[in-house]
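Asker: Sequence first, then the predicted structure, then my questions.
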Amino acid sequence: MLILASQSPRRAELLTQIGVKFIQESFDIDETPRPKEQPVAYVSRMALEKSNAALGKYNSGQTVLSADTIVVSRGQILGKPRDQQHAFAMLKGMSNCTHKVITAVCVANHEQQELRAVETEVTFGSLTDKQIDWYWHTQEPQDKAGGYGIQGLGGQFVEKINGSYSAVVGLPLYETRLLLQKLGALHEC
(Lines give C-alpha, C1' and ligand atoms only; values in the text may rest on other atoms or scores of the structure.)
Protein backbone atom coordinates (compact mmCIF):
# COMPACT_ATOMS: atom_id res chain seq x y z
CA MET A 1 0.00 0.00 0.00
CA LEU A 2 1.22 3.49 -0.82
CA ILE A 3 1.61 5.94 2.07
CA LEU A 4 0.72 9.56 1.23
CA ALA A 5 2.85 11.52 3.70
CA SER A 6 0.70 14.65 3.60
CA GLN A 7 -2.35 16.01 5.34
CA SER A 8 -3.44 17.87 2.20
CA PRO A 9 -6.95 16.98 1.04
CA ARG A 10 -6.02 18.35 -2.39
CA ARG A 11 -3.16 15.89 -2.81
CA ALA A 12 -5.45 13.06 -1.73
CA GLU A 13 -8.06 14.15 -4.30
CA LEU A 14 -5.44 14.30 -7.07
CA LEU A 15 -4.11 10.81 -6.28
CA THR A 16 -7.65 9.45 -6.19
CA GLN A 17 -8.29 11.14 -9.54
CA ILE A 18 -5.59 9.00 -11.18
CA GLY A 19 -6.77 5.80 -9.52
CA VAL A 20 -4.03 5.38 -6.90
CA LYS A 21 -4.90 3.51 -3.70
CA PHE A 22 -3.21 4.88 -0.59
CA ILE A 23 -3.42 5.60 3.08
CA GLN A 24 -2.82 9.14 4.26
CA GLU A 25 -0.77 10.24 7.23
CA SER A 26 0.99 13.50 8.01
CA PHE A 27 4.44 13.82 9.53
CA ASP A 28 5.65 16.91 11.34
CA ILE A 29 8.99 18.30 10.24
CA ASP A 30 10.75 21.60 10.80
CA GLU A 31 9.77 23.73 7.80
CA THR A 32 12.14 26.61 8.52
CA PRO A 33 14.12 27.64 5.44
CA ARG A 34 17.89 27.59 5.89
CA PRO A 35 19.81 30.86 5.45
CA LYS A 36 20.24 31.66 1.74
CA GLU A 37 18.44 28.42 0.75
CA GLN A 38 17.10 28.74 -2.78
CA PRO A 39 13.39 28.00 -3.42
CA VAL A 40 13.87 24.76 -5.40
CA ALA A 41 16.39 23.45 -2.86
CA TYR A 42 14.04 24.34 0.01
CA VAL A 43 10.90 22.71 -1.43
CA SER A 44 12.90 19.64 -2.46
CA ARG A 45 14.36 19.31 1.03
CA MET A 46 10.87 19.55 2.54
CA ALA A 47 9.57 16.72 0.33
CA LEU A 48 12.62 14.58 1.15
CA GLU A 49 12.33 15.19 4.90
CA LYS A 50 8.64 14.23 4.87
CA SER A 51 9.53 11.07 2.97
CA ASN A 52 12.33 10.18 5.39
CA ALA A 53 10.04 10.74 8.39
CA ALA A 54 7.47 8.36 6.90
CA LEU A 55 10.07 5.73 5.96
CA GLY A 56 11.34 5.84 9.53
CA LYS A 57 7.93 4.68 10.75
CA TYR A 58 7.08 2.01 8.16
CA ASN A 59 8.70 -1.30 7.26
CA SER A 60 10.63 -2.02 4.11
CA GLY A 61 7.58 -3.16 2.16
CA GLN A 62 6.07 0.32 1.95
CA THR A 63 6.34 3.02 -0.69
CA VAL A 64 5.95 6.63 0.41
CA LEU A 65 4.82 9.62 -1.62
CA SER A 66 5.49 13.05 -0.17
CA ALA A 67 5.27 16.53 -1.64
CA ASP A 68 5.65 20.18 -0.76
CA THR A 69 4.44 23.28 -2.57
CA ILE A 70 5.69 26.85 -2.29
CA VAL A 71 4.85 30.11 -3.98
CA VAL A 72 7.72 32.40 -4.98
CA SER A 73 6.97 36.03 -5.73
CA ARG A 74 9.72 38.54 -6.45
CA GLY A 75 12.32 36.12 -5.16
CA GLN A 76 10.59 35.57 -1.82
CA ILE A 77 9.12 32.26 -0.64
CA LEU A 78 5.52 32.83 0.42
CA GLY A 79 4.17 30.38 2.95
CA LYS A 80 0.70 30.24 4.43
CA PRO A 81 -0.56 33.63 5.62
CA ARG A 82 -0.17 34.31 9.34
CA ASP A 83 -3.18 36.63 9.41
CA GLN A 84 -5.34 38.89 7.25
CA GLN A 85 -2.68 41.59 6.88
CA HIS A 86 -0.10 39.05 5.76
CA ALA A 87 -2.52 37.55 3.21
CA PHE A 88 -3.38 41.03 1.95
CA ALA A 89 0.30 41.89 1.43
CA MET A 90 0.95 38.62 -0.41
CA LEU A 91 -2.04 38.91 -2.73
CA LYS A 92 -1.47 42.62 -3.37
CA GLY A 93 2.15 41.84 -4.25
CA MET A 94 1.04 39.22 -6.79
CA SER A 95 -1.62 41.48 -8.35
CA ASN A 96 -0.92 42.12 -12.03
CA CYS A 97 2.27 40.03 -11.80
CA THR A 98 3.61 36.58 -12.56
CA HIS A 99 4.82 34.37 -9.73
CA LYS A 100 6.13 30.81 -9.55
CA VAL A 101 4.57 27.84 -7.85
CA ILE A 102 7.08 25.07 -7.19
CA THR A 103 5.98 21.61 -6.11
CA ALA A 104 8.51 18.93 -5.24
CA VAL A 105 7.30 15.34 -5.18
CA CYS A 106 9.25 12.43 -3.73
CA VAL A 107 8.47 8.74 -4.12
CA ALA A 108 10.59 6.44 -2.00
CA ASN A 109 10.99 3.06 -0.42
CA HIS A 110 13.83 1.73 1.73
CA GLU A 111 15.96 0.97 -1.34
CA GLN A 112 15.30 3.89 -3.67
CA GLN A 113 14.27 7.55 -3.56
CA GLU A 114 13.20 9.62 -6.56
CA LEU A 115 12.50 13.36 -6.52
CA ARG A 116 11.21 15.88 -9.05
CA ALA A 117 10.57 19.60 -8.65
CA VAL A 118 8.04 21.14 -11.02
CA GLU A 119 7.85 24.89 -11.61
CA THR A 120 4.75 26.60 -12.97
CA GLU A 121 4.33 30.29 -13.73
CA VAL A 122 1.03 31.82 -12.63
CA THR A 123 -0.07 35.29 -13.70
CA PHE A 124 -2.67 37.16 -11.67
CA GLY A 125 -4.83 39.90 -13.10
CA SER A 126 -5.30 43.13 -11.20
CA LEU A 127 -6.71 42.64 -7.68
CA THR A 128 -8.53 45.41 -5.86
CA ASP A 129 -8.36 45.86 -2.10
CA LYS A 130 -12.06 45.01 -1.95
CA GLN A 131 -11.54 41.72 -3.81
CA ILE A 132 -8.68 40.73 -1.51
CA ASP A 133 -10.72 41.57 1.58
CA TRP A 134 -13.70 39.57 0.26
CA TYR A 135 -11.44 36.64 -0.58
CA TRP A 136 -9.90 36.57 2.90
CA HIS A 137 -13.35 36.39 4.47
CA THR A 138 -14.20 33.27 2.42
CA GLN A 139 -11.54 31.56 4.62
CA GLU A 140 -10.07 29.82 1.56
CA PRO A 141 -6.67 31.55 1.63
CA GLN A 142 -5.98 30.84 5.30
CA ASP A 143 -4.23 27.47 4.83
CA LYS A 144 -2.77 27.91 1.35
CA ALA A 145 0.80 28.70 0.32
CA GLY A 146 0.78 32.15 -1.22
CA GLY A 147 -2.64 32.83 0.26
CA TYR A 148 -4.75 31.41 -2.57
CA GLY A 149 -6.14 28.19 -3.98
CA ILE A 150 -6.23 27.97 -7.78
CA GLN A 151 -8.72 25.07 -7.60
CA GLY A 152 -11.21 27.15 -5.62
CA LEU A 153 -12.40 30.73 -5.50
CA GLY A 154 -8.83 31.98 -6.00
CA GLY A 155 -8.85 30.59 -9.52
CA GLN A 156 -10.83 33.59 -10.71
CA PHE A 157 -7.79 35.84 -10.13
CA VAL A 158 -5.57 33.78 -12.45
CA GLU A 159 -5.15 35.30 -15.88
CA LYS A 160 -2.94 32.49 -17.21
CA ILE A 161 -0.63 29.67 -16.22
CA ASN A 162 2.44 28.31 -17.94
CA GLY A 163 3.09 24.77 -16.76
CA SER A 164 1.32 22.14 -14.71
CA TYR A 165 -2.08 23.04 -13.25
CA SER A 166 -2.03 20.00 -10.93
CA ALA A 167 1.38 21.08 -9.58
CA VAL A 168 -0.16 24.42 -8.58
CA VAL A 169 -2.95 22.52 -6.78
CA GLY A 170 -0.27 20.54 -4.93
CA LEU A 171 0.79 17.42 -6.85
CA PRO A 172 2.13 17.30 -10.44
CA LEU A 173 0.21 14.30 -11.75
CA TYR A 174 2.33 13.56 -14.80
CA GLU A 175 5.60 13.49 -12.86
CA THR A 176 3.96 11.67 -9.94
CA ARG A 177 2.74 8.91 -12.24
CA LEU A 178 6.22 8.50 -13.73
CA LEU A 179 7.86 8.30 -10.30
CA LEU A 180 5.30 5.79 -9.01
CA GLN A 181 5.86 3.63 -12.09
CA LYS A 182 9.63 3.85 -11.73
CA LEU A 183 9.45 2.48 -8.18
CA GLY A 184 6.89 -0.18 -9.13
CA ALA A 185 4.09 1.38 -7.09
CA LEU A 186 1.85 1.97 -10.11
CA HIS A 187 1.33 -0.30 -13.07
CA GLU A 188 1.52 0.95 -16.64
CA CYS A 189 -1.76 2.17 -18.04
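Answerer: Structure received. Numbers count the residues shown, from 1 in each chain.
Asker: Which parts of this protein are strands?
Answerer: Assignment of strands within the chain using DSSP state E yields the ranges 2-4, 22-24, 63-73, 76-78, 98-108, 113-124, 158-162.
Asker: count of neighbours near residue 130?
Answerer: For residue 130, the tally of surrounding residues (other CB atoms under 10 Å) stands at 8. For every residue, glycine as well, the C-beta is placed using N, CA and C.
Asker: Mind checking the strands of the chain for the one nearest to residue 39?
Answerer: Closest to residue 39 of these, according to CB to CB: strand 63-73, at 4.7 Å.
Asker: can you list the strands of the chain in a markdown table and add mean pLDDT and mean neighbour count?
Answerer: Conversion of the strands of the chain to a markdown table gives the following (pLDDT from 0 to 100; neighbours: other CB atoms under 10 Å):
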| stretch | mean pLDDT | mean neighbour count |
| --- | --- | --- |
| strand 2-4 | 95 | 21 |
| strand 22-24 | 95 | 15 |
| strand 63-73 | 96 | 25 |
| strand 76-78 | 92 | 18 |
| strand 98-108 | 97 | 24 |
| strand 113-124 | 98 | 19 |
| strand 158-162 | 98 | 13 |
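Asker: Just put these in JSON lines and tack on distance to residue 43.
Answerer: As requested, the strands of the chain are arranged in JSON lines below (distance: least, CB to CB, whole Å):
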{"stretch": "strand 2-4", "distance to residue 43": "17"}
{"stretch": "strand 22-24", "distance to residue 43": "20"}
{"stretch": "strand 63-73", "distance to residue 43": "5"}
{"stretch": "strand 76-78", "distance to residue 43": "8"}
{"stretch": "strand 98-108", "distance to residue 43": "4"}
{"stretch": "strand 113-124", "distance to residue 43": "6"}
{"stretch": "strand 158-162", "distance to residue 43": "18"}
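Asker: if we compare the ones you listed, which one ends up closest to residue 31?
Answerer: strand 63-73 (8.2 Å).
Asker: and the direction of the closest one versus that of strand 113-124, what angle?
Answerer: Here strand 63-73 runs at 30 degrees with respect to strand 113-124, directions being taken by axes from the mean of the first three to the mean of the last three CA atoms, to 10 degrees.
Asker: Which elements pack onto strand 63-73?
Answerer: In this structure, strand 63-73 makes packing contacts with strand 2-4, helix 39-57, strand 76-78, helix 84-94, strand 98-108, helix 173-182, judged by 3 or more CB pairs under 8 Å, 6 or more residues apart in numbering; DSSP states H and E.
Asker: Quick check: can you name the pairing partners of that strand and their directions?
Answerer: strand 2-4 (parallel), strand 76-78 (antiparallel), strand 98-108 (antiparallel) (DSSP bridges).
Asker: and the first one, how far out from the chain's middle?
Answerer: What that stands for is strand 2-4. Counting by CA atoms, centre = their mean, to the nearest Å, strand 2-4 is centred 16 Å from the centre of its parent chain.
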